[in-house]
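Student: I'd like to go over a predicted model; first the sequence, then the structure.
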Amino acid sequence: MIIIRTLFILMICVSISACGDRPDEQADSTNAIDTNKRFRWKMVTTWPANFPIIQEGAEKFADDVRDMSRGRLDIQVFAGNELVPPLGVFDAVSQGSVEMGHGSPYYWAGKVPAAQFFSTVPFGMTVSGMQAWLYHGDGLKLWREIYQPFNLIPFPMGNSGVQMGGWFNKKIESIEDLKGLRMRIPGLGGKVFKRAGGNPVLMAGGEIYTALERGTIDATEWIGPYHDLRLGLNRAAKYYYYPGWHEPGTEFELIVNMDHWQELPDDLKKIVEIAAGATSEWVYSAMEYHNSHALQELKQMKNIKMLEFPADVLTELRQMTRVTLQQEAAAAPDFKKVYDSYSAFRDIYADWSSLSTEAYRRSLN
Ligand code: CA
């Protein structure tokens with residue numbers, strides 16, 4: 001016992017003398033961070049200027065980083081089309097013409113099909129499962145591996161929460177009702193919708209209202225009550241369906257060009273990482289807060305009907321999703337690798353949440 005204690009004291013002495021008796025060395029390691037060096041960076045986003053919560057989140061992130069670094073990392077934020085087009089964000093950051101970007105990984109599905117798992121997939125995990133997989137499972141590790149060939153390092157930065165199923169100008173009572181329907185629904189959700197006989201249409205946010213109002217499309221999904229209301233979709237279609245089976249919790253990303261990232265001193269890297277995490281929390285909680293209020297507004301409106309998709313429609317869509325994901329996995333090894341990790345965690349997380357979150361929810365009924 002005495003020997004162990006003596007050894008322990010000796011170890012402390014050694015470690016104290018290692019950093020205490022040689023002030024010149026200590027000064028050297030502090031000086032390794034040049035606190036006078038200032039970085040002026042640009043961040044481009046995929047969002048419209050003033051886009052509530054999401055573009056706001058990107059701007060809040062830049063403000064937080066500026067404050068925490070006392071101006072050493074000054075990030076100027078540009079909305080979609082201010083510097084590069086929304087869908088040009090990935091390439092601009094990858095090439096390093098700008099240092100950072102904010103968007104959602106599924107926008108890059110054409111280039112990186114596996115990226116869709118880091119956004120959301122139909123009937124996939126909600127925010128809590130996503131974050132567990134990203135931060136504590138292999139999610140973020142795989143994400144970084146998948147983006148590495150593009151010279152990018154990604155960070156989770158926000159989540160939409162469960163989206164709404166969308167606005168329809170007719171009732172959906174069976175899977176047959178989706179046949180021939182022209183709906184604005186992007187990504188894997190769109191592929192599943194097509195398998196169900198629907199006609200998925202790609203369309204930017206700004207065009208949706210007019211297209212639906214004029215009958216160019218029969219239905220659209222957008223985000224949730226808060227953003228849908230701001231777009232005026234309640235004036236363009238009568239039936240508002242839930243849940244958003246195709247986007248159960250869309251994750252947003254901060255992407256940083258790897259060469260520029262490596263130029264940052266460690267303390268600024270840490271500030272970026274922590275600020276991205278804080279922004280995630282801020283964006284997701286803002287979505288939940290504002291959607292709760294907007295839902296109350298929608299419930300007052302007599303001209304619209306809020307309806308749940310029939311259970312058998314959801315069951316069929318879920319089966320079609322499984323086939324769609326398996327086909328995509330067979331076509332791309334990266335997709336399969338991420339799909340395997342994602343679904344392994346999704347399955348055990350479903351077990352856990354059925355007797356935690358869901359059981360608790362049932363106890364309130
Ligand atoms: Ca959506």
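Tutor: Great, that's in hand. Residues are numbered from 1 along each chain as shown.

Student: what comes up buried for the lengthiest helix in the chain?
Tutor: If each helix of the chain is counted by residues according to DSSP state H, the longest one is helix 266-299. Across helix 266-299, burial judged by 16 or more other C-beta atoms under 10 Å covers 268-269, 271-272, 275-276, 278-280, 282-284, 286-288, 290-291, 294-295, 298. Every residue, glycine included, has its C-beta placed from N, CA and C.

Student: end-to-end on stretch 298-317?
Tutor: Stretch 298-317 stretches 26 Å from its first residue to its last (C-alpha to C-alpha, to the nearest Å).

Student: typo on my end, it should be stretch 148-157
Tutor: End to end - C-alpha to C-alpha - stretch 148-157 spans 18 Å.

Student: how about stretch 76-94?
Tutor: 18 Å.

Student: residues in the stretch 101-250 of the chain within reach of the ion, list them.
Tutor: 163, 221, 247 (C-beta under 5 Å from the ion).

Student: quickly find the element holding the residue nearest to the last one when sequence neighbours are not counted.
Tutor: Which is Glu247. Nearest residue to Glu247 in three dimensions, chain neighbours excluded: Gln163, at 4.2 Å (C-beta to C-beta, 6 or more residues apart in numbering). In the assignment (DSSP states H and E), Gln163 maps to no helix and no strand.

Student: rewinding a little: what helices or strands is whichever helix or strand comes after the longest helix of the chain leaning on?
Tutor: Going down the chain from helix 266-299, the next helix or strand is strand 305-308, by DSSP H and E. Packing partners of strand 305-308 (3 or more C-beta pairs under 8 Å, 6 or more residues apart in numbering; DSSP states H and E): strand 239-242.

Student: paired strands for the helix or strand following the strand it packs on, with orientation please.
Tutor: Next helix or strand after strand 239-242 toward the C-terminus (DSSP H and E): strand 251-257. Paired neighbours of strand 251-257 in the sheet (DSSP bridges): strand 100-103 (antiparallel), strand 152-159 (antiparallel).

Student: quick check: angle from the longest one to helix 266-299?
Tutor: It refers to strand 152-159. Relative orientation of strand 152-159 with respect to helix 266-299: 30 degrees, computed using axes from the mean of the first three to the mean of the last three C-alpha atoms, to 10 degrees.
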